[in-house]
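K.L.:
Sequence plus the predicted model coming up.
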Amino acid sequence: MTVIGDIQGIITRVGPWFVQNKFAGAIRQATALACDVATTQLAAGLRLSQPLRCDSSALPSLAKDRNITVYPTESVDSQRTRLSQWNQLHKQRGTHQGELRHAAPYFLPSQPVVRIVHQSGDGLSATWHSFGTDVFGEPAQYSVLKMSPSNWDYDGRTSAWSRFWVLIYDTGYPSGNPRWSSEASTYDTAGLAYDGGTSYGGVSSAQAQDIVRLFLTWKSAHSRLAAVILVRPVVNASDAYVEPANAANYTVAPVTDHPAWGNWGTDLTTRPRNCLWLYEDNP
Amino acid sequence: MTIFDSLTAPTTDSSIRATVIGYAQAAKLRVTNFRVGSAAQQILETIVTSVYSFVQIVPVLVRGFGSLDTATDPGDVDVYDPNNAGLPPSSGYLSNYGRNHHGVARNPATFATGYVTLSNTGAGALVRTFFPESLVFTWTGGSPPNPAPTYTNTADPSVYTNSDGSVTLAVGATLTLPVSCQTLGSVGSAPSGTLSLTTTLTGATATNALAISGNDREDAEVYRGRCRQAAARLSFAGPSDAFAYFAAKKQDGSSVINGAGNAVTINRVQVSQSSSTGNVAGYYASPSGPALAADVTAANLNIEQSAYVVPDAITFSGVAATATPISVAGTVRLKARAGVTSGAVIAGILAALDSYFATLPIGGLDQDSGGNGSVFTSDIEGVARSGFPGIYDARVTTPSASTSALSVGHVATHVPAGWAVTFT
């Protein structure tokens, strides 16, 4: 069987003596080499439709075809992963699990815990969807926890029931998330919540925009992404644990008019210092 | 040039010659020192031509199998192959790519179909017996295209009831006949009351009480867009692309058919993006502006009852987009050969603008989170400039502002308001 790039080799081995002389042999080999280049290009061309094998210059085209937006601050690994999983991602598009899985490759090689929380329309319960792992190298897990009575009441507007909030936890790694660890040390050094407005606790504004778009493009049409919040480790007394489980040592937050945490939707001063709002759309 | 670009760009005869000669020169052959017409040169040229014949297929295959954007069907505009647009429309790489990768069929062009009422009631009328495809009707009323399309009566066992397949029309009787245009595409779409009988039958007249409609082949860009949206049909959670896709296509990738039996002509859909109370609004438009009422009904039926796109507890409303007429006037300057008339230039500009407005997104460009956008006057100038060869300057005087606002759910429609042509 002829293999790609072997036409020249085959041509060299076959043929009578009179096509082996210097002139005929060289022309023959030049011809074969041109054919080899063509077949190699054809093979590379066919690989353009394979996101895990193609040249990275084909990823934007693949992304367009597969209706998966790739982002400037996204790693090539993340782009390849999401493009190769396009069917699974589209199947879950619009679900909260799907939104979490769609965004997860952005943080590769780490898989920080990311949660989506929403409150029921009657205000009686809150549902927490979690995806990721606290342990580097462990497979990410998806879980759902429904808390009744509700432990998430952002601003008391239970009628606005189709809103959801995204919480990204940067607590699982000693040096912070590798995607922005180089800047993590700048967080709050001057007591500013937003580090002067150019970066958000080590997350650049470009990264923040792309993270938000990952959720905006993948949500259902009937829902509203109310906020994306980066949750940093609890260090100070004024920091808050934002966790779904109402367990010991964890503060359930926010709850409207909570004595400690107040109303996060309207009373901005009650927002804990370890939580950074990368995005908010809460009319 | 990226690797993607180099793999999809057409190969040229000269590049192959350079490659073969380069390899031969690397083997110390003096292949550029031939005597013109010598046997050696002829052998080399024969080889170059042979290799070129083989190698030029590679980028064609890569484009055809590589992506929606690089694949085309015969008859489509192809940036890599100027001759492709002139080929008779047929199924090719693009249709096959869309079917195999995305499960979406490209709508073919259809002959306009409808009904005429044949009245055998005039002076001198006789008993008439005729077969299918024996009568000719012509679009004569209103403003028919030039040349005016013609139509013929088509077979229908419920109409042609005689044992030999004919039908007999008594004096004083009328008969409704199915007809089909003899020209493919939307050019045969005639408004109501515009057809008349061309075949000479003394005492007989005919007209169409309802409009007659046919479709062009699905535009390549619209088809590519639907292929990209098609993956959204996998989800049962109501992503916006699912609403957009199912407004015109069914689960199996074929077209949604309206109550009149025609494929819907919806080519643009705007879906609201965010709601705090579980509401979704959809707006539909066709190439000419707001979608037809029959198409809106068919789209909503498909979305709500056939495809079940709308999750429980979600409120959906799908309506025709609202037309926002935009008057466009301006001036152009061009260099043209003798014989080119202002009328021809203006016709080219108007056709280009019609085509541009036919695909402008509902809500316009550069939309905010509420779906409100704009139409940019500079874009209109660019389109006008491309409307006729030789135009080197185009100025839009109306609209006078740099942008025209377009609200959510509104579709811009083109209103010609006059063009001045200056030949230089």
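P.N.:
Done, it's in. Note that the structure is a prediction, hence the values are computed from the model and not measured.
K.L.:
Of all the residues in stretch B:297-317, which ones are buried?
P.N.:
Neighbour counts over stretch B:297-317 (16 or more other Cβ atoms under 10 Å in any protein chain shown) mark B:298-303, B:307, B:309-311, B:314, B:316 as buried. The C-beta positions use only the backbone N, C-alpha and C, and glycine is treated the same way.
K.L.:
how about A:His129, secondary structure?
P.N.:
strand (DSSP: H, G, I helix; E, B strand; the rest coil).
K.L.:
from what I can see it touches A:Arg101, true?
P.N.:
No - with contact defined as Cβ atoms under 8 Å, A:His129 does not reach A:Arg101; the gap is 10.4 Å.
K.L.:
Could you tell me which residues touch both of the two?
P.N.:
Here A:His129 and A:Arg101 have A:Tyr142 as joint contacts, going by Cβ atoms under 8 Å, 6 or more residues apart in numbering or on different chains.
K.L.:
Determine the next helix or strand in the C-terminal direction from the longest helix that chain A contains.
P.N.:
Criterion DSSP state H: the longest helix present in chain A is helix A:22-47. For helix A:22-47, the succeeding helix or strand toward the C-terminus, using DSSP states H and E, is helix A:59-65.
K.L.:
any idea how far B:Gly193 is from B:Gly289?
P.N.:
B:Gly193 is 22 Å from B:Gly289, where distance means Cβ to Cβ, to the nearest Å.
K.L.:
In terms of neighbours, single out the busier of these two.
P.N.:
Neighbours were counted for B:Gly193 and for B:Gly289 using other Cβ atoms under 10 Å in any protein chain shown; B:Gly289 has more, 19 against 13.
K.L.:
Give me the phi and psi for the residue in the stretch 51-200 of chain B that chain A sits nearest to.
P.N.:
Closest to chain A within the stretch 51-200 of chain B is B:Val62: 3.1 Å, counting by Cβ to the nearest Cβ. B:Val62 has phi and psi values of phi -60, psi -40 when expressed as degrees, to the nearest 10.
K.L.:
residues contacting the nearest residue to it once chain neighbours are set aside?
P.N.:
Using Cβ to Cβ, 6 or more residues apart in numbering or on different chains and skipping residues adjacent in sequence, the residue nearest B:Val62 is A:Gly45, 3.1 Å away. Listed by Cβ under 8 Å, 6+ apart, the contact set of A:Gly45 reads B:7-8, B:58-59, B:61-62, B:65-66.
K.L.:
Helix or strand: which one has the residue in the stretch 151-283 of chain A that chain B sits nearest to?
P.N.:
For the stretch 151-283 of chain A, the residue closest to chain B is A:Ala160, as judged by Cβ to the nearest Cβ, at 3.7 Å. For A:Ala160, there is no helix or strand it lies in under DSSP H and E.
K.L.:
Get me the contact residues on the stretch 1-150 of chain A for chain B.
P.N.:
By Cβ under 8 Å from any Cβ of the partner chain, the residues of the stretch 1-150 of chain A that approach chain B are A:22-23, A:25-27, A:29-31, A:33-35, A:37-39, A:41-42, A:44-46, A:48-49, A:55, A:57-58, A:61-62, A:64-67, A:86-87, A:90-95, A:98.
K.L.:
List only those of those flagged as buried.
P.N.:
Among those, the ones that count as buried by 16+ other Cβ under 10 Å are A:25-27, A:29-31, A:33-35, A:37-39, A:41-42, A:44-46, A:48-49, A:58, A:61-62, A:64-67, A:86, A:90-95, A:98.
K.L.:
counting contacts, what elements does the helix or strand hosting A:His118 pack onto?
P.N.:
Per DSSP H and E: A:His118 is located in strand A:114-119. Applying 3 or more Cβ pairs under 8 Å, 6 or more residues apart in numbering or on different chains; DSSP states H and E, we find strand A:114-119 packed against helix A:96-103, strand A:126-132, strand A:163-169.
K.L.:
Dump those into JSON lines; add mean pLDDT as well.
P.N.:
Converted to JSON lines, those look like this (pLDDT from 0 to 100):
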{"stretch": "helix A:96-103", "mean pLDDT": "95"}
{"stretch": "strand A:126-132", "mean pLDDT": "92"}
{"stretch": "strand A:163-169", "mean pLDDT": "92"}
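K.L.:
Just send those back as CSV, with distance to B:Ala71 too.
P.N.:
Conversion of those to CSV gives the following (distance: least, Cβ to Cβ, whole Å):
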stretch, distance to B:Ala71
helix A:96-103, 27
strand A:126-132, 36
strand A:163-169, 37
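K.L.:
And chain A, split by domain according to the record?
P.N.:
For chain A, automatic domain parsing gives the domain ranges A:7-47, A:110-280.
K.L.:
Can you flag the weakest of these by average pLDDT?
P.N.:
If you rank the domains of chain A by mean pLDDT, domain A:110-280 sits at the bottom with a mean of 74.
K.L.:
what residues are up against the residue of the stretch 301-424 of chain B found nearest chain A?
P.N.:
Ranked by Cβ to the nearest Cβ, the top residue of the stretch 301-424 of chain B for proximity to chain A is B:Ile314, at 4.7 Å. Contacts for B:Ile314 (Cβ under 8 Å, 6+ apart) come out as A:222, B:238, B:278-280.
K.L.:
And the furthest pair within those?
P.N.:
By the measure Cβ to Cβ, B:Gly238 and B:Asn279 form the most distant pair in the contacts of B:Ile314, at 11.3 Å.
K.L.:
Neighbour count: the two, which is higher?
P.N.:
Shown here are B:Gly238 and B:Asn279; by other Cβ under 10 Å, B:Gly238 has more neighbours (27 against 15).
K.L.:
you'd agree that one is up against A:Arg93?
P.N.:
No - judged on Cβ under 8 Å, B:Gly238 makes no contact with A:Arg93 at a distance of 9.3 Å.
K.L.:
Select, out of the domains of chain A, the one closest to B:Phe54.
P.N.:
B:Phe54 lies closest, by Cβ to Cβ, to one member of those: domain A:7-47, at 6.5 Å.
K.L.:
can you put the contacts of B:Ile314 in a markdown table and add secondary structure and distance to A:Gln111?
P.N.:
As requested, these are exported to a markdown table (DSSP: H, G, I helix; E, B strand; the rest coil; distance: Cβ to Cβ, whole Å):
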| residue | secondary structure | distance to A:Gln111 |
| --- | --- | --- |
| A:His222 | coil | 29 |
| B:Gly238 | coil | 27 |
| B:Gly278 | coil | 31 |
| B:Asn279 | strand | 34 |
| B:Val280 | strand | 32 |
